[in-house]
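**Student:** Next comes the sequence, and after it the predicted model I'd like to discuss.
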Amino acid sequence: MSINVESSQDDKNSTVQFSSRKSAWLVTITGVVAFLALYFFIYHLQSQDKSAAALGMPSMHMNKTRTFWSFPILQASGLVGLVTSYLAVLLGLQQSRRAVGWLKLGYRSIDQLHRHIALLTLGLVIVHAVATVFDAMGDSWRTVFWFNGWANAKTGWPAAVWGYDVGIIAFYTLLLLGPTFYLRRKIGVSTWKYLHRFILIFYIGSVWHSLILGLDMSYYKWIRPTTWLLQIPLLWLFAKRFNELAKKNSEKKSGGKYLTSQALVGVAYAGILAALLIVFTGNSDFIANI
């Protein structure tokens, strides 16, 4: 889930280095442990009718875990996938810059962690999508994997159409763009770098999808404001990245690359201000949850 890659040299000030195998094992074990811990926690609450979903939909009697067995799976995979996608984007933005010293990792270590976390995210997203098909809430392969599925379903659920479609767009964006790293030599590195920038569509879409349909995101009141505040480091790195690109093209201040970079810097700083206003004015839930 790279944003851009410009250097292959390790930072001389790095204090930690990972081999590719160590990185892969570290990411895999951490991801599996986090998923299982969250799964059993949600399963336990659901079996007692105390989970966010059970409390939000009391008429469904979700304590019948034989019927709603996949719901803890889709929730756990979705929430852990949201965290890993955040980390992947954070490392991708860090990787694309040369002068951020707070993360004491060499370039290669960042690259390896970034790629392995991205692969973990892809796996979690696939598990999340498949588990949703079997959630016993009326979902089907059509509603989960095809646009406007709920609008065309006989049962109908018009309020959820937008939330599902945003998630589907995010899913296919990741599915199509994520693996292009392994095709970069065939399609050309410059093409790969350009395509991988659009992986941000997946991240933005997944956050939006979670805010609309994630019952945990609305039930636990601290999650939403925390989610907004966590976007600030990403926006800051994004602004720094495009500020560097603007400086590189500063000789042609009327050029398209310079103007685009400056515009994106402005968008990033506006996003930081918006996130702060959303949280501190008490409007963290302005995206309605279904």
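**Tutor:** On my side now, so go ahead.
**Student:** Counting by contacts, list what the worst-scoring helix or strand of the chain on mean pLDDT packs against.
**Tutor:** Lowest on mean pLDDT, DSSP states H and E among the helices and strands of the chain sits helix 149-152, with a mean of 83. Contact analysis of helix 149-152 by 3 or more CB pairs under 8 Å, 6 or more residues apart in numbering; DSSP states H and E lists helix 141-145, helix 161-177 as its packing neighbours. Backbone N, C-alpha and C define where each C-beta goes, glycine included.
**Student:** Looking at those helices, which is nearest to residue 86?
**Tutor:** Judged by CB to CB, the one of those that comes nearest to residue 86 is helix 161-177, at 13.4 Å.
**Student:** now residue 186: how far from residue 169?
**Tutor:** 26 Å (CB to CB, to the nearest Å).
**Student:** Surely residue 122 is in contact with residue 174?
**Tutor:** Yes - Residue 122 is within contact range of residue 174, at 6.1 Å (criterion: CB atoms under 8 Å).
**Student:** The two - which one has more neighbours?
**Tutor:** With neighbours defined as other CB atoms under 10 Å, residue 122 and residue 174 compare such that residue 174 has more, 24 against 21.
**Student:** So that one versus residue 114, what's the distance?
**Tutor:** For residue 174 relative to residue 114 (CB to CB), the value is 14 Å.
**Student:** how about residue 135, secondary structure?
**Tutor:** When classified by DSSP: H, G, I helix; E, B strand; the rest coil, residue 135 comes out as coil.
**Student:** related to what we said a few turns ago, determine how far the least confident helix or strand of the chain lies from the middle of the whole chain.
**Tutor:** 25 Å (CA atoms, centre = their mean, to the nearest Å).
**Student:** which outside residues touch that helix?
**Tutor:** With CB atoms under 8 Å, 6 or more residues apart in numbering as the test, helix 149-152 has contacts from 140, 142, 143, 156, 157, 158, 160, 161, 164, 168.
**Student:** Which of those residues are buried, as a ChimeraX select command?
**Tutor:** Listed next is the ChimeraX selection for buried residues among these, using 16 or more other CB atoms under 10 Å:
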select :143,157,160,161,164,168
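**Student:** Kindly reformat the contacts of helix 149-152 as JSON lines containing pLDDT.
**Tutor:** Formatted as JSON lines, those follow (pLDDT from 0 to 100):
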{"residue": "140", "pLDDT": "91"}
{"residue": "142", "pLDDT": "90"}
{"residue": "143", "pLDDT": "91"}
{"residue": "156", "pLDDT": "67"}
{"residue": "157", "pLDDT": "75"}
{"residue": "158", "pLDDT": "81"}
{"residue": "160", "pLDDT": "87"}
{"residue": "161", "pLDDT": "91"}
{"residue": "164", "pLDDT": "95"}
{"residue": "168", "pLDDT": "96"}
